[in-house]
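J.: can you look at this prediction? I've put the sequence above it.
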Protein chains: 2
Amino acid sequence: MSKRYAGRREDLVEAAVDLFAANGYAGTSIRDIAKITGRSVSNVYHYFKDKESLWLAILEYSVQGMPDRLRSAMKPADGAEQRFSALVRAHLQESMRHRREVKIFFIDEERLSPGGKRINKRIQKEILDLYREQIGELLKARHVSPAAARVLAFNVLGVINWYLRWQDHVAGLSVEEIHDQIVGFVFYGLLGKLPGG
Amino acid sequence: MSKRYAGRREDLVEAAVDLFAANGYAGTSIRDIAKITGRSVSNVYHYFKDKESLWLAILEYSVQGMPDRLRSAMKPADGAEQRFSALVRAHLQESMRHRREVKIFFIDEERLSPGGKRINKRIQKEILDLYREQIGELLKARHVSPAAARVLAFNVLGVINWYLRWQDHVAGLSVEEIHDQIVGFVFYGLLGKLPGG
DNA sequence: CAACTTATAGAACGATCGTTCTATCTTGGT
DNA sequence: ACCAAGATAGAACGATCGTTCTATAAGTTG
């Protein structure tokens, strides 16, 4: 691989992320990707054997490693609340970092081949299980049923993933303040505790 | 309009809801809709002038009236907490009732014409404002900033809309129990109150 | 039955899709 | 300088897309 051509493959992935996030998988054509990178259609196929491979390459360098990154954000020495807070904060930051990829990942999963769907589902299940486990630790004294813990895990994921949609639409708060708000909501809801307390 | 042909238009809308929800707007063709209804392509165009009109017809008979239905679920005589609880429960029920439509509505909004987008945004804003207003009432004593109230409204919407995704994947709880769980989470989060209290 | 409106089907249009093929150009190693 | 490997472009394939046109069948109304 020559230096002159370094990053050419990554450019394609970058453009594909943009377009997939904006227009969806079915709504994005190989020609679109070629056009905004100033390349030819066949050049795209030189780097990726087909459209779905491009999709999977996106997942590979972003969402694929997310469960591990979330796990390593939680320090074993801390208490359950600190660990959970760290998990949520890491998850929010990861979602920010890979905003478009996560959007693609969670929204457009339907049109994949069975093999692609399996990868998608596996990662989603890893993250869900991570939350279920931590919620179990957090609520140990309250003996919640597994079904209830599952519902709670989905609720937390809903808050975090929904964040991707309105992230841009809030003025007047810094990113850190928004994250504080979200963590506070996940812990105490609307009524459980005063915002400042 | 003859009786023999009554409901033929509605059949097309019904099929389109199914397919749009399963495969997205760009991922669904007029020919797909014609095929599963056993009609011809041109017959679809006899009832709808183009693809986007079909989309808007779906919104019209489902999501369009949702803000009003949510408003009318809240009894003015009740207190702020009862009113908010009624709002969330009505929203959950409406989301269940029009599961596919809401999924389409919130997910696939990007590929519409400017006119279609405007309708979409208007309804979403109506619902968001409804929540912001009620959250304002609910937290009157705590003087939360408008930006913070906005974040809280988005969080609640995230929980409810995310519910559409995992609705099928929880065994061991009835629909009412799940709704209780969700309302409890919105009010008190993970730690704010005991589940049984 | 005749006239008119509605419902339907089938063929076709141009555009675009994912993909493949072939040919040229660039680069790095010898 | 030569050559193999990688990078690129362009043309073309068959399939499918949204849409339109034309023609026929069915139903309603006189």
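T.: Perfect, thanks for sending it.

J.: for A:Gly196, report the pLDDT, please.
T.: Listed pLDDT for A:Gly196 reads 47.

J.: can you name the residue of chain A nearest DNA strand D?
T.: A:Ser42 (2.7 Å; Cβ to the nearest atom of the strand). C-beta coordinates here come from the backbone N, C-alpha and C atoms, glycine included.

J.: that residue: neighbouring residues, count only.
T.: 9 (other Cβ atoms under 10 Å in any protein chain shown).

J.: measure it to DNA strand C for me?
T.: 4 Å (Cβ to the nearest atom of the strand, to the nearest Å).

J.: where does that residue fall, secondary structure wise?
T.: Element membership of A:Ser42 [criterion: DSSP states H and E] is helix A:41-47.

J.: does any part of the helix or strand of chain A with the lowest mean pLDDT sit near chain B?
T.: The weakest-scoring helix or strand in chain A, judged by mean pLDDT, DSSP states H and E, is helix A:99-107 (a mean of 87). Yes: using Cβ under 8 Å from any Cβ of the partner chain, we find that helix A:99-107 touches chain B at A:Ile107.

J.: which other residues reach that helix?
T.: By Cβ atoms under 8 Å, 6 or more residues apart in numbering or on different chains, the residues outside helix A:99-107 that reach it are A:17-18, A:20-21, A:24-25, A:55, A:58-59, A:62-63, A:94-95, A:120, A:123-124, A:161, A:164, A:167, B:107.

J.: got a quick ChimeraX command for the buried subset of these?
T.: The ChimeraX selection below is limited to those of these classed as buried (16 or more other Cβ atoms under 10 Å in any protein chain shown):
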select /A:17,20,21,24,25,55,58,59,62,63,94,95,120,123,124,161,164 /B:107
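
J.: which residue packs closest to A:Arg39, ignoring adjacent ones?
T.: Excluding the flanking residues, the one nearest A:Arg39 by Cβ to Cβ, 6 or more residues apart in numbering or on different chains is A:Leu12, at 7.5 Å.

J.: how about the one you found, what does it touch?
T.: A:Ile33, A:Thr37, A:Arg39, A:Val44, A:Tyr47, A:Phe48, A:Leu54.

J.: ok, the fifth one - contacts?
T.: The contact partners of A:Tyr47, taken as Cβ under 8 Å, 6+ apart, are A:Arg8, A:Arg9, A:Leu12.

J.: which of those residues fall within helices?
T.: A:Arg8, A:Arg9, A:Leu12 (DSSP state H).

J.: so where is chain A shaky, pLDDT-wise?
T.: Along chain A, the model assigns pLDDT under 70 to residues A:1-6, A:194-197.

J.: mind checking how far the longest helix seen in chain A is from the chain centre?
T.: Scanning chain A for the helix with the most residues, using DSSP H, yields helix A:114-138. Between the centre of helix A:114-138 and the centre of its chain there are 12 Å (Cα atoms, centre = their mean, to the nearest Å).

J.: ok, it near chain B or not?
T.: Yes: using Cβ under 8 Å from any Cβ, helix A:114-138 reaches chain B at A:Ile135, A:Leu138.

J.: and that helix, what's buried?
T.: A:116, A:119-120, A:123-124, A:127-128, A:130-132, A:134-135, A:138.

J.: for chain B, give me its nearest residue in chain A.
T.: Evaluated by Cβ to the nearest Cβ, chain A has A:Gly192 as its residue closest to chain B, separated by 1.9 Å.

J.: that residue and DNA strand C, how far apart?
T.: 47 Å.

J.: what secondary structure does that residue sit in?
T.: Here A:Gly192 is coil, with the state taken from DSSP: H, G, I helix; E, B strand; the rest coil.

J.: any idea which element A:Trp162 lies in?
T.: Going by DSSP H and E, A:Trp162 is part of helix A:146-166.

J.: what helices or strands is the helix or strand following that helix leaning on?
T.: Counting by DSSP H and E, the next helix or strand C-terminal to helix A:146-166 is helix A:175-188. Applying 3 or more Cβ pairs under 8 Å, 6 or more residues apart in numbering or on different chains; DSSP states H and E, we find helix A:175-188 packed against helix A:80-97, helix A:146-166, helix B:146-166.
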